[in-house]
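*Asks:* Here you go, sequence then predicted model.
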Amino acid sequence: MHLLCRLLPLELLVPLIARTPLLDLGLQSAYNQPVLGDGELRRLFARPARRPTAAWALRGMSIGMALRPRGATAEALLARLVQPLLLIWGEADRLVPIEVAELIASLRPELRLERLAGVGHCPHDEAPEAFEALLLPWLEGLQEAGT
């Protein structure tokens, strides 16, 4: 993986993807509801991808993920987390499926997992009212508990 990240011509691919329909396909994979033709959403993602440092950042992130020590994996970090945790997950998430949320919940049974039916990878954007209806009372509960 590390070698692949170094060899891929990301300096050519990232700007190309940002200027072609491939970006639209990638965006649509994150949402369950249709977003093709949403110019504002497309600009939100395309603009950073067009920056000269975008490929460098993507390569660095990918190599860092591939080489991270065992103590820096999600499972190890989750085991050390002591703060309350709320997961709001779209059941129709195609990028990180609901089974990942269920695995996280099995590792931390005291956390609260809320599923949003018919919602993809970006529940805060795709269903902001439902997301807020789960998040705000949870935050208020933390405040009342003094957490």
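*Replies:* On my side now, so go ahead. Numbers count the residues shown, from 1 in each chain.
*Asks:* Leu134 and Glu114 touch, don't they?
*Replies:* Yes: between Leu134 and Glu114 there is a contact under Cβ atoms under 8 Å: 4.8 Å. Just so you know, the C-beta spots here come from the backbone N, C-alpha and C atoms, and that holds for glycine as well.
*Asks:* Quick check: neighbours shared by the two?
*Replies:* Counting by Cβ atoms under 8 Å, 6 or more residues apart in numbering, the residues touching both Leu134 and Glu114 are 86, 88.
*Asks:* residue contacts, the nearest residue to Pro48 once chain neighbours are set aside?
*Replies:* The spatial neighbour of Pro48 that comes closest, neighbours along the chain excluded (Cβ to Cβ, 6 or more residues apart in numbering), is Ala54 at 6.2 Å. For Ala54, the residues meeting the contact criterion (Cβ under 8 Å, 6+ apart) are 14-15, 18, 48.
*Asks:* Poorly predicted segments of the chain, please.
*Replies:* For the chain, the stretches with pLDDT under 70 are 1-8, 147.
*Asks:* quick one: the strands in it?
*Replies:* 86-90, 112-116 (DSSP state E).
*Asks:* Which neighbours in the sheet does the last one have, and how are they oriented?
*Replies:* It stands for strand 112-116. With DSSP bridges as the criterion, the sheet partners recorded for strand 112-116 are strand 86-90 (parallel).
*Asks:* okay, the strands of the chain, which one's buried deepest?
*Replies:* A comparison of these by mean neighbour count, using mean count of other Cβ atoms under 10 Å, puts strand 86-90 on top with a mean of 20.
*Asks:* Need the contact partners of that one.
*Replies:* Strand 86-90 is touched from outside by 32, 98, 101, 104-105, 111-116, 118-124, 126-127, 131, 134-135, 138, with contacts defined as Cβ under 8 Å, 6+ apart.
*Asks:* So which of those sit within helices?
*Replies:* Residues of those located in helices (DSSP state H): 98, 101, 104-105, 123-124, 126, 131, 134-135, 138.
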